[in-house]
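Novice: quick one, what's the 3D model for this:
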Amino acid sequence: MVDKVQKVWMDGELVDWDSANVHLLTHSLHYGVGAFEGIRAYKRANGQVTVFRLREHIDRLFDTCKMVLCQPKFTREQVMNACLEVLRANNMEEGYLRPLVFMGDGAMGIYAPNNPVRTAVIAWKWGAYLGDEALRNGIRTKISSFARHHINIGLAKAKMMGQYTNSVLAKREAKLGGYDEAIMLDAHGYVSEGSGENLFIVKKGVLLTPDLSSSILEGITRDTILTLAREEGIPVVEGRITRDQLWLADEVFLTGTAAEVTPVREVDNRPIGEGTVGPITKRLQARYFDVVRGSDTAHPEWLARL
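Specialist: Prediction:
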């Protein structure tokens, strides 16, 4: 359950939480056309509150809007400022931000090009997405019967509202089966990603992750981990990964703004490595948290100050 905060930013104004409503004929509610992002704010070791990679998230939001022909009436700078404004208005030192752009009410039917495009930003307090225990000791996963969309069916690079039905079905299937998370294959049977996370494996000291042709979202946390791994001197390969490569990996972990860096200890009832969190996963997880919440100042360009 999300804890209520005081203010939500809607179409250029701060409104009370209980007043942040839309009409039942909101087009995106019926047809799923719209864009959204998930962004985290952290309180760092020096007491400073920063939003992690805010610009990159808003750039991706606008890229999605371009792909789905849903152009907001606000600029990138205005939406970035709205994110900061929401945190200030709610006196939040840490939290999860959800900017979204959606088609409002007006005409119905699949083609409604003249409906107003609405923009909102909401924030709430959100701890570890898969739980603190997951961050410490890893999770159990299952390869889903639901595959990621073929590149000509969905828009893999778009963080688009309706596209996440695919993720919801995979996640529900995994949870109902007693697992923590789903791992999804692409339309060709290669490993793609989690229901809401990118995926990495480690084999013989090399870090591997599915490339951008594997129907994956071009994750911002994924990019962060690739950058940090190279800085740490860890060899990195982006390419196709098979199911059996996943089973035989020394380490597996998932990344995402919500999931952060979550180790995987089991896939399809098969332990990964020794069934514990591996050394490279621990190393990258520690570096990541030092960047977002600690005292690592190697990437000031990633931190938007409140």
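Novice: outline the domain layout of this structure.
Specialist: Annotated domains of the chain cover 7-124, 132-292 [automatic domain parsing].
Novice: buried residues in stretch 9-18?
Specialist: The neighbour-count check on stretch 9-18 (16 or more other CB atoms under 10 Å) flags W9, M10, L14 as buried. (C-beta placed from N, C-alpha, C; glycine too.)
Novice: correction: the previous question concerned stretch 210-217.
Specialist: Of the residues in stretch 210-217, P210, S214, S215, I216, L217 count as buried by neighbour count, 16+ other CB under 10 Å.
Novice: find the helix or strand that E77 is a member of.
Specialist: According to DSSP states H and E, E77 maps onto helix 76-89.
Novice: other SSEs contacting the following helix or strand past that helix?
Specialist: Next in sequence after helix 76-89, counting helices and strands by DSSP H and E, comes strand 95-103. On a contact count with 3 or more CB pairs under 8 Å, 6 or more residues apart in numbering; DSSP states H and E, strand 95-103 meets helix 27-31, strand 34-36, strand 39-43, helix 54-67, helix 76-89, strand 117-124.
Novice: now render those as CSV, adding distance to N21, mean pLDDT and mean neighbour count.
Specialist: Output for the helices and strands packed on strand 95-103, formatted as CSV (distance: least, CB to CB, whole Å; pLDDT from 0 to 100; neighbours: other CB atoms under 10 Å):
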stretch, distance to N21, mean pLDDT, mean neighbour count
helix 27-31, 12, 97, 19
strand 34-36, 16, 98, 22
strand 39-43, 23, 98, 21
helix 54-67, 22, 98, 18
helix 76-89, 17, 98, 18
strand 117-124, 11, 98, 21
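Novice: please name whichever of the ones you listed is nearest to G278.
Specialist: Nearest of those to G278, taken as CB to CB: strand 39-43 at 24.4 Å.
Novice: who does that closest one pair up with?
Specialist: The pairing partners recorded for strand 39-43 under DSSP bridges are strand 49-52 (antiparallel), strand 95-103 (antiparallel).
Novice: quick one on the thing from earlier: tell me which of the helices and strands packed on strand 95-103 sits nearest to I234.
Specialist: Among the helices and strands packed on strand 95-103, helix 54-67 sits nearest to I234 (CB to CB), with 21.9 Å.
Novice: the helix or strand where V291 lies to strand 39-43, inter-axis angle?
Specialist: Secondary structure from DSSP H and E places V291 in helix 279-292. Per axes from the mean of the first three to the mean of the last three CA atoms, to 10 degrees, the angle that helix 279-292 makes with strand 39-43 is 70 degrees.
Novice: averaged pLDDT, helix 279-292. What do you get?
Specialist: Confidence for helix 279-292, expressed as mean pLDDT, is 98.
Novice: and that helix, what does it pack against?
Specialist: Packing partners of helix 279-292 (3+ CB pairs under 8 Å, 6+ apart): helix 220-231, strand 251-256, strand 260-267.
Novice: can you tell me which of the ones you listed is most buried?
Specialist: Of all the helices and strands packed on helix 279-292, strand 251-256 carries the top mean neighbour count, a mean of 27, counting by mean count of other CB atoms under 10 Å.
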